[in-house]
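[1] Can you look at this prediction? I've put the sequence above it.
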Amino acid sequence: MRNEERKFRETVETMPSLAFIAKPDGQRTFANGRWIEYTGLTEEQALGWGWKAAVYPDDLNQVLKKWQELTVSGDELEYEARLRRGRDGVYRWFQTRALPVRDKHGKIVKWYGVINDIEDRNAPNSYRRHCSLKPVSTIGELTASLTHEIKQPIGRQ
């Protein structure tokens, strides 16, 4: 059991994402070292509802509403919000995704989540904003679309 816990901690602490474990209502019971390092909050500050201090104030209501909806629906969690970087106070866009862990009766007992920096994807000058990829319905269309984008540099649009 200790070996499994050690492997789990090693994995969570070395993954290139911010990670957390939360109670069914969203209160954090664990935040990995990357989360602590990025936000500049101490582990004690990050737990419970303390994590809210890192969320951009204009995004916080949306984030809390999402958590409230999930306590009822039990769906997978996914949202985008800005988080404050502790070392300089800059807010960057992140995508939060979490899966519920259920007991044998289907009741949510906790959430495992990861948070990934998507600032470059959301930036006005990012590749995503410059190209006009259309939705694709098949793997073939996706491959053709990607091939076209690779062969046609942004400057030639």
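    Thanks, I have the structure now.

[2] Mind naming the longest helix for this protein?
    Looking across the chain with DSSP state H, the single longest helix is helix 57-73.

[3] what pLDDT, on average, does the very next helix or strand once past that one get?
    Downstream of helix 57-73, the next assigned helix or strand under DSSP states H and E is strand 77-84. Averaging pLDDT along strand 77-84 gives 94.

[4] and strand 77-84 with helix 57-73, angle?
    Orientation check (axes from the mean of the first three to the mean of the last three C-alpha atoms, to 10 degrees): strand 77-84 against helix 57-73 gives 160 degrees.

[5] So which elements touch the helix or strand just after strand 77-84?
    Toward the C-terminal end, the helix or strand that comes next after strand 77-84 (DSSP H and E) is strand 91-102. If you count contacts as 3 or more C-beta pairs under 8 Å, 6 or more residues apart in numbering; DSSP states H and E, strand 91-102 packs onto strand 18-22, strand 77-84, strand 108-117, helix 119-122. Heads up, the C-betas are built off the backbone N, CA and C, glycines and all.

[6] Going by mean pLDDT, which of these comes out lowest?
    helix 119-122 - the lowest mean pLDDT of those, at a mean of 80.

[7] Dump the helices and strands packed on strand 91-102 to a markdown table, plus distance to Val63 and mean neighbour count.
    Formatted as a markdown table, those follow (distance: least, C-beta to C-beta, whole Å; neighbours: other C-beta atoms under 10 Å):
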| stretch | distance to Val63 | mean neighbour count |
| --- | --- | --- |
| strand 18-22 | 12 | 21 |
| strand 77-84 | 5 | 18 |
| strand 108-117 | 11 | 18 |
| helix 119-122 | 16 | 14 |
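
[8] so can I have TSV of these showing distance to Val12?
    What follows is the helices and strands packed on strand 91-102, written out as TSV (distance: least, C-beta to C-beta, whole Å):
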stretch	distance to Val12
strand 18-22	5
strand 77-84	17
strand 108-117	9
helix 119-122	23
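
[9] Please, which helix or strand holds Glu10?
    According to DSSP H and E, Glu10 maps onto helix 2-14.

[10] quick one: low-confidence ranges for the protein?
    For the chain, applying pLDDT under 70 flags the ranges 122-157.

[11] With only the CA atoms kept, save the helix holding Glu10 in PDB.
    Output in PDB follows, covering the C-alpha atoms of helix 2-14 (Å, rounded to 0.1, in the frame of the first residue of the first chain):
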ATOM      1  CA  ARG A   2       2.800   2.400   0.800                       C
ATOM      2  CA  ASN A   3       4.500   1.600  -2.400                       C
ATOM      3  CA  GLU A   4       1.300   2.400  -4.300                       C
ATOM      4  CA  GLU A   5       0.900   5.700  -2.400                       C
ATOM      5  CA  ARG A   6       4.600   6.600  -3.200                       C
ATOM      6  CA  LYS A   7       4.000   5.900  -6.900                       C
ATOM      7  CA  PHE A   8       0.800   8.000  -6.900                       C
ATOM      8  CA  ARG A   9       2.600  10.900  -5.200                       C
ATOM      9  CA  GLU A  10       5.600  10.700  -7.500                       C
ATOM     10  CA  THR A  11       3.300  10.700 -10.500                       C
ATOM     11  CA  VAL A  12       1.200  13.700  -9.300                       C
ATOM     12  CA  GLU A  13       4.200  15.700  -8.300                       C
ATOM     13  CA  THR A  14       6.100  15.200 -11.500                       C
END
